[in-house]
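K.L.:
Build me a model:
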Amino acid sequence: MRASFSDGQRGFTLIEILVVITIMGIVFAFAAPAIREFTQNNRQAVALNRFIGFLNYARSEAVKRGATVTVCKSAGVGAAAACGGAGVNWEDGWLVYQDDNGDGTVDGGEVFLRSGEPLTPSFLTMRGAGPVVNRVTFTSRGYSNNAGTFRVCDARGVNSAKGIRISTMGRITRAVDGPDADIIIESAGGVNVACP
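P.N.:
Sure thing, here's the model as predicted:
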């Protein structure tokens, strides 16, 4: 005997399928901005955490080696790269090297330690403010000769910027909004950061 739909087997009606698709569309429409925001925040955090790792590495190498170690912005990667000047930004990459004469440039005979790849995705920007515009130098005691603030920005602008501060003691902390509570992170001097 053949089974028929009247025996209890049944599929979805066209109306039921359309109702489910409509509900899914409404849920997705409300969830999409939150998912986009989460993704953008995550990209910034990953870029900043990667850079913090390089700064911590440079500081620990300075103490371990008993020498000055510098992190500088660079468009090149590898031991043959040099510190960049005008037109090169931190999102282009960076170098870590033992800066024996403390001049902030890679000279012959100075030990290359590591290089950082450009930030991905490419629409992220990272800039240093104050004395860390071009480099960060750590002494053999782990102190920083040039404390300052770094910020990572994307198309959302300054209200969504993430940042870090480096103190003269070499301590690396997250940049936060100050007492003005305007949702914009501030430099160590209490000044709102700016995005390019």
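K.L.:
Would you enumerate the residues in contact with residue 59?
P.N.:
Listed by CB atoms under 8 Å, 6 or more residues apart in numbering, the contact partners of residue 59 are 69, 138, 142, 144, 170, 172. (C-beta placed from N, C-alpha, C; glycine too.)
K.L.:
can you do 6 Å?
P.N.:
Contacts were defined as CB atoms under 6 Å, 6 or more residues apart in numbering; by that measure residue 59 touches 138, 142, 170.
K.L.:
Kindly reformat these as JSON lines containing neighbour count, distance to residue 107 and secondary structure.
P.N.:
Shown next, in JSON lines, are those (neighbours: other CB atoms under 10 Å; distance: CB to CB, whole Å; DSSP: H, G, I helix; E, B strand; the rest coil):
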{"residue": "138", "neighbour count": "27", "distance to residue 107": "17", "secondary structure": "strand"}
{"residue": "142", "neighbour count": "16", "distance to residue 107": "23", "secondary structure": "coil"}
{"residue": "170", "neighbour count": "22", "distance to residue 107": "23", "secondary structure": "coil"}
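K.L.:
Which single one of those residues is nearest to residue 11?
P.N.:
Taking CB to CB as the measure, residue 170 is the one of these closest to residue 11, at 67.7 Å.
K.L.:
Please name the residues that touch that closest one.
P.N.:
Applying CB under 6 Å, 6+ apart, the residues contacting residue 170 are 59, 138, 142-144.
K.L.:
now the residues you listed in TSV, with distance to residue 184 and pLDDT?
P.N.:
Formatted as TSV, the contacts of residue 170 follow (distance: CB to CB, whole Å; pLDDT from 0 to 100):
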residue	distance to residue 184	pLDDT
59	28	97
138	28	95
142	30	96
143	28	96
144	24	94
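K.L.:
Any chance of JSON lines for these, columns distance to residue 158?
P.N.:
What follows is those, written out as JSON lines (distance: CB to CB, whole Å):
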{"residue": "59", "distance to residue 158": "28"}
{"residue": "138", "distance to residue 158": "28"}
{"residue": "142", "distance to residue 158": "31"}
{"residue": "143", "distance to residue 158": "30"}
{"residue": "144", "distance to residue 158": "25"}
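K.L.:
closest to residue 81 among those residues?
P.N.:
For the contacts of residue 170, the minimum distance to residue 81 (CB to CB) is 19.3 Å, reached by residue 138.
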